[in-house]
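Undergrad: based on what follows, work out the 3D shape:
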Amino acid sequence: KICQSISEKYDFSFDLNMILSRLIYMRVLHPTSKKGTLERAKELLEPHSIETQHIYRALDVLADESDMIETSVYRNSHNLVDRNTSILYYDCTNFYFETEESGGLKQYGMSKEHRPNPIVQMGLFMDGSGLPLAFVTNPGNQNEQPTLKPLEKRILKDFKLSQFVVCTDAGLSSHENRLYNSMGNRAYVTTQSIKKLKKHLKEWALEPTGWTSTEHAGGKKKTINLLDLDMENDQHTYYKERWIHENGLEQRLVVIFSPKYKRYHQSIREKQIERALKKMDKPTQLGKKRANDPARFIHSVHITPDGEVAEKVSYTLNQNLIQEEAIYDGFYGVCTNLEGPAEEVVKINQRRWEIEETFRILKSEMRSRPWAISTFLFGFGFHKAGDWGE
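TA: Residues are numbered from 1 along each chain as shown. Have a look, this model is predicted:
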């Protein structure tokens, strides 16, 4: 029905439903280019009579009608499954191109893999059922924080949703985004770096007293001291909370501690220290020290104990930095303006992994990355060639 409506609007002479259905089927069965899609689609039980120029013409129109398609798919999905739209998760990811030329949406920007390729940024809203809701594509050099509000406004308008909780990671939890989701019937849950808290809040967060177990004994919450825990075997999770008021924003800070998470942090650091020791044997491999690079633990000494310039640079482990990072093992924070039980806030935040899983599936199983210029990916955007740069 969607394709029929679009075809009538543009007076198509070809079968748009046949084109779109094949693009969807083959993206799942055998992800490949448009040409490859046409060839492999011949192996399906239902034959097709699609011509190459019809696909290119269809993509231009699908680009213009992308928002309408998204809204219609959401509306129709209610006939098949109950969707939990009381909680919406938002995150961004990047897709790189197999080219070194920037233009249009593909621009040079920050990449976790530090690839020397232009990228395109995609922001995605996922509902509490784990189903994608709406997406937006932006230039790869754009800051991801301002991308949330425009897409959320479209959800408010086109999807007719007004009461929900937006959950994001720390990279998207700007002061402006928190204020925006303090309006109307909306709320937010976002991760909060313990290291970036103000001094008095950081001291409170790391204080071993005043913690509450998420396990209930006889229906009552148990208050404990972290120093009394068996850090080697404890599998429980503990939290403490307080309300804070800063810059016109009143929010609740919930700090979570997990001995299991602490053990995980320790194991990761031990492996990084091992890698740092190996790098010390080969100084030529010491490049720029990034946030999680084992090289950050290596301290170079250019001066002798007598204060003279050393003839040869020596390397040692930065034990002070190692101890400083170890302080935060097992801790993480969440900020929210919700007034419900802290356990519920923690549960909402813990499900952010599902949107990361969505990105992983799109990139790996549906082979959306890397993008060659000729690659068409159904599900991300029906974009014209000019949008990506000629």
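Undergrad: Q251: how many residues sit nearby?
TA: Neighbourhood size, Q251 [other C-beta atoms under 10 Å]: 19. C-beta here means a position set from N, CA and C on the backbone, and glycine is covered the same way.
Undergrad: helices and strands around whichever strand or helix holds it, which ones?
TA: Assigned by DSSP states H and E, Q251 belongs to strand 249-257. Counting by 3 or more C-beta pairs under 8 Å, 6 or more residues apart in numbering; DSSP states H and E, the packing neighbours recorded for strand 249-257 are helix 175-180, helix 199-206, strand 238-246, strand 331-336, helix 342-350.
Undergrad: switch the cut-off to 7 Å
TA: Packed against strand 249-257, as judged by 3 or more C-beta pairs under 7 Å, 6 or more residues apart in numbering; DSSP states H and E, are the following elements: helix 175-180, strand 238-246, strand 331-336, helix 342-350.
Undergrad: doesn't T85 belong to a helix?
TA: No: assignment of T85 by DSSP: H, G, I helix; E, B strand; the rest coil gives coil, placing it outside any helix.
Undergrad: give me every residue that touches it.
TA: For T85, the residues meeting the contact criterion (C-beta atoms under 7 Å, 6 or more residues apart in numbering) are 127-128, 161, 164.
Undergrad: let me know the pLDDT of G109.
TA: Looking at G109, its pLDDT stands at 62.
Undergrad: wait, P259
TA: In this model, P259 is scored at 95, pLDDT.
Undergrad: mind checking the SS state of the nearest residue to it once chain neighbours are set aside?
TA: Using C-beta to C-beta, 6 or more residues apart in numbering and skipping the chain neighbours, the partner closest in space to P259 is D234 (4.0 Å). For D234, the secondary-structure state derived from three-state DSSP is coil.
Undergrad: how close does D234 sit to V255?
TA: Plainly put, D234 is 17 Å away from V255 if you go by C-beta to C-beta, to the nearest Å.
Undergrad: give me the more crowded residue out of these two.
TA: V255 (25 against 15).
Undergrad: tell me the bridge partners for that one.
TA: Under the criterion DSSP bridges, V255 forms beta bridges with K240, G333.
Undergrad: mind listing what it touches?
TA: Contacts here follow C-beta under 7 Å, 6+ apart; on that basis V255 touches 194, 205, 239-240, 331, 333.
Undergrad: in the stretch 201-350 of the chain, where is pLDDT below threshold?
TA: Under the criterion pLDDT under 70, the flagged ranges of the stretch 201-350 of the chain are 214-220, 283-291, 302-312.
Undergrad: which residues does the closest residue to I273 other than its chain neighbours contact?
TA: In space, I273 comes closest to F297 once its chain neighbours are excluded; the distance is 6.0 Å by C-beta to C-beta, 6+ apart. Residues touching F297, when contacts are defined by C-beta under 7 Å, 6+ apart, comprise 272-273, 276, 317-318, 321-322.
Undergrad: how close does N79 sit to Q319?
TA: Where Q319 is concerned, N79 sits at a distance of 61 Å (C-beta to C-beta).
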